[in-house]
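Asker: Any chance you could fold what I've pasted below:
(chains A, B, C and D)
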2 protein chains.
Amino acid sequence: MGALMRRPTIMDIAKAAGVSKGAVSYALNDRPGVSKATRARILAIAHDLGWAPSSTARALSPGGRVGALGLVVDRPAHSLGVEPFFMQLVSGIEAELAVTGMDLLLQVTEDADAELAVYRRWAAERRVDGVILVDLRVDDARVALVEDLALPAVVLGGPDGAGTLPCLYSDDAASMREVVHYLAALGHERIAHVCGPGGLVHSRVRSEAFGHAAAEAGLHQAFSIEADYTGEAGTRTTRKLLARSDRPTALVYDNDLMAVAGLGVAREMGVDVPSRLSIVAWEDSVLCQLVRPSLTAVSRDVPFCGGEVARMLALAVAAEPLGPREAPRGELHPRASTGPRRA
Amino acid sequence: MGALMRRPTIMDIAKAAGVSKGAVSYALNDRPGVSKATRARILAIAHDLGWAPSSTARALSPGGRVGALGLVVDRPAHSLGVEPFFMQLVSGIEAELAVTGMDLLLQVTEDADAELAVYRRWAAERRVDGVILVDLRVDDARVALVEDLALPAVVLGGPDGAGTLPCLYSDDAASMREVVHYLAALGHERIAHVCGPGGLVHSRVRSEAFGHAAAEAGLHQAFSIEADYTGEAGTRTTRKLLARSDRPTALVYDNDLMAVAGLGVAREMGVDVPSRLSIVAWEDSVLCQLVRPSLTAVSRDVPFCGGEVARMLALAVAAEPLGPREAPRGELHPRASTGPRRA
DNA sequence: CTCCTTTGCTGAACCGGTTAAGCAGACGGC
DNA sequence: GCCGTCTGCTTAACCGGTTCAGCAAAGGAG
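Answerer: Take a look at the predicted model:
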């Protein structure tokens, strides 16, 4: 049988077909330069030999692509673990990449500088063809860096602060208006918004939208309070809010984790949800559906966004011009944690 | 200034230093063949030029490493999102890889065949130096495949079913005995164990251990019931269990997600936790600490396991012989969801 | 029949590293 | 003074693809 121990190369195919390396390359890449018959013969042999292109060799050629995209997640490991958002995003990205046979490099970093270092390394070592930026910050150093490195990138977020980079944004302000009007319609006046760090663009957008919507609805006791997305912050902040003499009757949390924490605190402090306190979570997830009472949540199709952003990045890598694109906005899913204000 | 637009190569360094490519390579890789003085000069120039090795070029050389490890996660996207386990594992792996400058390729697949296809592709295209196998199944086809492909791999799980592959296992049986004895000491006799799919090795190990420990403790009404790790399965199974006339007084869940779902069902059905029902979750996570009552859980250091398995894989890639290794066992963290059985 | 174009292929350079082989010069032993 | 060895470097092949220039043969136009 003369079993070939090493993986077959195009040279092996060329010998078997009695043609040159070049001809094989043309045939395998569907490029002109070989006759139909020769192409078919080469493809058949390649298939028989179980040939697959060496990603490293291919990437080495001038203009060659690595066939991989990168995603860096810069959040403390423990909070990250419990947030469905990232894995949902990742599975959406992967579903798209699977189509094109590309891969995803995932990196978890502990701080912003480490994240910048990763992009620098990826660019220098040619590890990826492009990157996806999430959790856009105000004056985000990453935007300037990837522009400077000429590393193709797409921002999930924006469009403010995305610089010249293409981005996929959702109209959080509109969703926030929906939430506020919903709570106002239920009679709530003292509403608190537990938001994420002010350094995050989407956090800022939501807080501003919250303020505007509340003013529009004539709610003068509504306010935002900053937390950091972790369960502990949710617990701490909620305790403080519920201990006030002018206790809010409704709370809007910027993520599901803090909302669940808040629900726990309410229970602990004997504040019944939803009769005494209404709770709305921003990201929806199984979590919101599992706890009791189940949480009213703003739900968006995260896997879809992942796929979309991957598609956009593929275009950006191919140097296709690309502007900001809008994702379907998050929709409010009323569940058991919200109800009319009791007198 | 003569700014160099393209990334510097060793050829650029060689020219600047007035030596050959080979000398530069020796210097940069800390290999003999250049004098101390020349080495220092070359390193300085490399640093000035901001040189970084091209991962693709390096990988192309005979015996060259790609500098990346692969992890495939084969679970439905939505359940995966909420389970802290994977992200914890990933961040542990990354922390280790960051030291050596390697990368992690993550792939999420929807079924076992797709997972096998990924390993085949990675091996054929030389995308990774090795892979980490999680969620070991009984008669796992992946073990045979990676052995066949000569793709270095480490199993997180086992040691049964890991074949000749090195593995990192934890003594789940011992942890399960601890759980059962703890519940027995609280007076519980009717204990149900909501386990994962029987096809998973660790699921089977835990179920058997549960049965043995219960028998040891003289609990003849203890039994395991299979579910699939999703929240819905947790909900459904718990409903069934709590509706029985001989309702269990304690439930042990094989993951945190199902435990949280179970807690919700108990609340819904008016079964108070912990006075009427005790609940133990297997994986610990922020989730267990956030819900009310907080969940008693078996906690293991998942990030540590991730780091350890990455270290082991690095050794396996370097063809160092490697046997099964034991991870610290999961420890029971009693919280508010367990208490003495009430008459 | 000649000239020009197209088709189909070959040969070789190239990407950016690694590494074996070769070689000049210094140095030491006897 | 001669030989052998070690040091420090160069040269060139090689990894597995892509791609450009070149070229022979076939086909069509005039």
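Asker: Which residues are in contact with the one residue in the stretch 151-300 of chain A that gets nearest to DNA strand C?
Answerer: Nearest residue of the stretch 151-300 of chain A to DNA strand C: residue A:151, at 15.6 Å (C-beta to the nearest atom of the strand). All C-beta atoms are positioned from the backbone trio N, CA, C, and that covers glycine. When contacts are counted by C-beta atoms under 8 Å, 6 or more residues apart in numbering or on different chains, residue A:151 is found next to A:119, A:122-123, A:128, A:130-131.
Asker: Can you tell me how far it is from residue A:314?
Answerer: 14 Å (C-beta to C-beta, to the nearest Å).
Asker: Ok, residue A:277 next?
Answerer: 45 Å.
Asker: who's more crowded, these two?
Answerer: residue A:277 (27 against 21; other C-beta atoms under 10 Å in any protein chain shown).
Asker: which ones are touching that one?
Answerer: Contact analysis of residue A:277 by C-beta under 8 Å, 6+ apart lists A:242, A:247-251, A:266, A:271.
Asker: Out of the residues you listed, which is nearest to residue A:233?
Answerer: Lowest distance from residue A:233 to the contacts of residue A:277 (C-beta to C-beta) belongs to residue A:251, with 13.3 Å.
Asker: how near is the residue nearest to residue A:128 when sequence neighbours are not counted to DNA strand C?
Answerer: Spatial nearest neighbour of residue A:128, excluding adjacent residues (C-beta to C-beta, 6 or more residues apart in numbering or on different chains): residue A:70 at 3.9 Å. According to C-beta to the nearest atom of the strand, to the nearest Å, residue A:70 stands 19 Å off from DNA strand C.
Asker: Doesn't residue A:70 belong to a helix?
Answerer: No - in this structure, residue A:70 is strand, not part of a helix, as judged by DSSP: H, G, I helix; E, B strand; the rest coil.
Asker: Model confidence at it, what's the number?
Answerer: You'll see residue A:70 listed with a pLDDT of 95.
Asker: again with residue A:253
Answerer: 96.
Asker: residues touching it, list them.
Answerer: A:194, A:234, A:259, A:262, A:279-282.
Asker: out of those residues, which are inside strands?
Answerer: Cross-referencing the contacts of residue A:253 against strands under DSSP state E gives A:194, A:279-281.
Asker: How much space separates residue A:287 from residue B:196?
Answerer: Plainly put, residue A:287 is 19 Å away from residue B:196 if you go by C-beta to C-beta.
Asker: need the residues of chain A near DNA strand D, please.
Answerer: Neighbours of DNA strand D within chain A, by C-beta under 7 Å from any atom of the strand: A:6-7, A:9-11, A:21-22, A:25-26, A:28-29, A:31, A:51-54, A:57-58, A:60-64.
Asker: In the stretch 1-150 of chain A, what residue spans correspond to strands?
Answerer: With DSSP state E, counting those that start in this stretch as the criterion, the stretch 1-150 of chain A has strands at A:68-74, A:103-109, A:130-133.
Asker: Quick one: closest of the ones you listed to residue B:218.
Answerer: Among the strands of the stretch 1-150 of chain A, strand A:103-109 comes nearest to residue B:218, with 46.3 Å by C-beta to C-beta.
Asker: Spit out the contact partners of residue A:293.
Answerer: Residue A:293 sits next to A:263, A:273-274, A:335-337 when contact means C-beta under 8 Å, 6+ apart.
Asker: Go ahead and build a ChimeraX selection from the buried members of these.
Answerer: ChimeraX command restricting the contacts of residue A:293 to the buried ones, with burial defined by 16 or more other C-beta atoms under 10 Å in any protein chain shown:
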select /A:263,273,274,335,337
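Asker: Between the contacts of residue A:293, which sits nearest chain B?
Answerer: Taking C-beta to the nearest C-beta as the measure, residue A:263 is the one of these closest to chain B, at 7.5 Å.
Asker: How about the residues of the stretch 151-300 of chain A by chain B?
Answerer: A:230-231, A:234-235, A:257, A:260-261, A:263-264, A:267-268, A:285-287, A:289-292, A:294 (C-beta under 8 Å from any C-beta of the partner chain).
Asker: So which of those are in strands?
Answerer: If you go by DSSP E, those have nothing in strands.
Asker: Got a PyMOL select line for the buried ones in the residues you listed?
Answerer: In PyMOL, this line selects whichever of these come out buried by 16+ other C-beta under 10 Å:
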select buried, chain A and resi 230+231+234+235+257+260+261+263+264+267+285+286+287+289+290+291+292+294
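Asker: Just the ones of the residues of the stretch 151-300 of chain A next to chain B in helices?
Answerer: A:231, A:234-235, A:257, A:260-261, A:263-264, A:267-268, A:286-287, A:289-290 (DSSP state H).
Asker: Just give me the neighbour total for the residue in the stretch 51-200 of chain A that DNA strand C sits nearest to.
Answerer: Of all residues in the stretch 51-200 of chain A, the one sitting closest to DNA strand C is residue A:60 (3.7 Å; C-beta to the nearest atom of the strand). Neighbours of residue A:60 under the rule other C-beta under 10 Å: 16.
Asker: what about the nearest residue to it once chain neighbours are set aside, neighbour count?
Answerer: Distances taken as C-beta to C-beta, 6+ apart place residue B:56 nearest to residue A:60, at 5.0 Å, with adjacent residues excluded. When counting by other C-beta under 10 Å, one arrives at 23 neighbours for residue B:56.
Asker: Could you report the separation of residue B:56 from residue A:56?
Answerer: Taking C-beta to C-beta, one finds residue B:56 at 5 Å from residue A:56.
Asker: ok, now which ones touch residue A:247?
Answerer: Counting by C-beta under 8 Å, 6+ apart, residue A:247 touches A:190, A:241, A:271, A:277.
Asker: hey, where'd the helices end up in the stretch 51-200 of chain A?
Answerer: Using DSSP state H, counting those that start in this stretch, the helices of the stretch 51-200 of chain A run over A:55-60, A:77-82, A:84-100, A:112-125, A:141-149, A:172-185.
Asker: So what does residue A:269 have for phi and psi?
Answerer: Main-chain dihedrals, residue A:269, degrees, to the nearest 10: phi -90, psi 10.
Asker: what residue is smack in the middle of chain A?
Answerer: Among the residues of chain A, the one closest to the centroid is residue A:89, at 4.7 Å (C-alpha atoms, centre = their mean).
Asker: my guess is that residue contacts residue A:303, does it?
Answerer: Yes - counting by C-beta atoms under 8 Å, residue A:89 does reach residue A:303; the two are 7.3 Å apart.
Asker: thinking again about what came up before, which residues pair with the residue nearest to residue A:128 across the strands?
Answerer: residue A:105, residue A:131 (DSSP bridges).
Asker: Wait, it touches residue A:120, no?
Answerer: No - the criterion here is C-beta under 8 Å, and residue A:70 misses it with residue A:120 at 11.8 Å.
Asker: what about those two, which has more around it?
Answerer: Between residue A:70 and residue A:120, counted using other C-beta under 10 Å, residue A:70 has the larger neighbour count: 25 against 17.
Asker: so who does the more buried one touch?
Answerer: By C-beta under 8 Å, 6+ apart, the residues touching residue A:70 are A:104-107, A:118-119, A:122, A:127-128, A:130-132.
Asker: What about those residues, which one has the most neighbours?
Answerer: Greatest neighbour count in the contacts of residue A:70, by other C-beta under 10 Å, goes to residue A:128: 29 neighbours.
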